[in-house]
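Q: next one to model:
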Amino acid sequence: MLDLSLRLATVLDGLPVAIGLVSPKGRLIGKIGSMTGLLGQYVPSFDPQEAGRWDFRDANGAAIPAADWPSGRALRGERNYEGMIGTFIDGESRKIKIISMPTFDPTNKLGAITFLQAVDAHGRCAEGSHGDLQRRLIDELVKAVSAASTRDEMFGSFTHTH
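A: Numbers count the residues shown, from 1 in each chain. The predicted structure follows:
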């Protein structure tokens, strides 16, 4: 398991992505990847201060409420592989695609896996982070977290946060 965890960490650190493991209350309890600096202690759907670092708009340009952003939806049990493209506005403005999927922890509580991916100004995946890879990775992570029998096993591939 350790060898697999190290390989996963190495691959993710080389791609323009981040993956976060989210508790039922919206706390990021594990994160990995080269873009983890975009992730705070809580997902924006649960923390107004974090929400202030992001901007999501619908097709007509209207602001989307933070509760309806990907992690908020996943923690309500919604599955959506399409995710949403938002703008990280804390510092240099960057377009980011975010997908969150519901998963269950070893005590059968609903949590989420959140996947962030850099996209260009037209919403295309950045070099090295193809959408099919993204979908397969999310599916495998959801299965792994759901199959974990202990909390330590569940966090094997994630860098712990405080």
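Q: shaky segments in the chain?
A: Residue ranges of the chain with pLDDT under 70: 1-8, 121-136, 138, 140, 144-162.
Q: helices along that one, start to end?
A: Here the chain has its helices, by DSSP state H, at 2-13, 48-51, 70-74, 131-147, 151-154.
Q: any idea how far the residue sitting nearest the centre point of the chain is from W54?
A: Taking CA atoms, centre = their mean, the centroid of the chain lies closest to T114, which sits 2.0 Å from it. Distance from T114 to W54, counting by CB to CB, to the nearest Å: 12 Å. (C-beta placed from N, C-alpha, C; glycine too.)
Q: okay, now the sheet partners of the top strand by length along the chain, with direction.
A: Longest strand of the chain, by residue count under DSSP state E: strand 94-104. Using DSSP bridges, strand 94-104 pairs in its sheet with strand 84-88 (antiparallel), strand 110-118 (antiparallel).
Q: give me whichever of these is most buried.
A: strand 110-118 (a mean of 24; mean count of other CB atoms under 10 Å).
Q: which residue of this protein lies farthest from its centroid?
A: N60 (25.0 Å).
Q: just to revisit the earlier point, closest one to G72 among the strands paired with strand 94-104?
A: Nearest of these to G72, taken as CB to CB: strand 110-118 at 9.2 Å.
Q: tabulate the CA atom coordinates of the closest one in PDB.
A: In PDB, the C-alpha atoms belonging to strand 110-118 read as follows (Å, rounded to 0.1, in the frame of the first residue of the first chain):
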ATOM      1  CA  LEU A 110     -21.400  10.700   3.800                       C
ATOM      2  CA  GLY A 111     -18.300  12.600   2.800                       C
ATOM      3  CA  ALA A 112     -16.900  13.600  -0.600                       C
ATOM      4  CA  ILE A 113     -13.900  13.400  -2.800                       C
ATOM      5  CA  THR A 114     -13.100  16.700  -4.500                       C
ATOM      6  CA  PHE A 115     -11.000  17.000  -7.600                       C
ATOM      7  CA  LEU A 116      -9.500  20.300  -8.800                       C
ATOM      8  CA  GLN A 117      -8.000  20.600 -12.300                       C
ATOM      9  CA  ALA A 118      -6.500  23.600 -14.100                       C
END
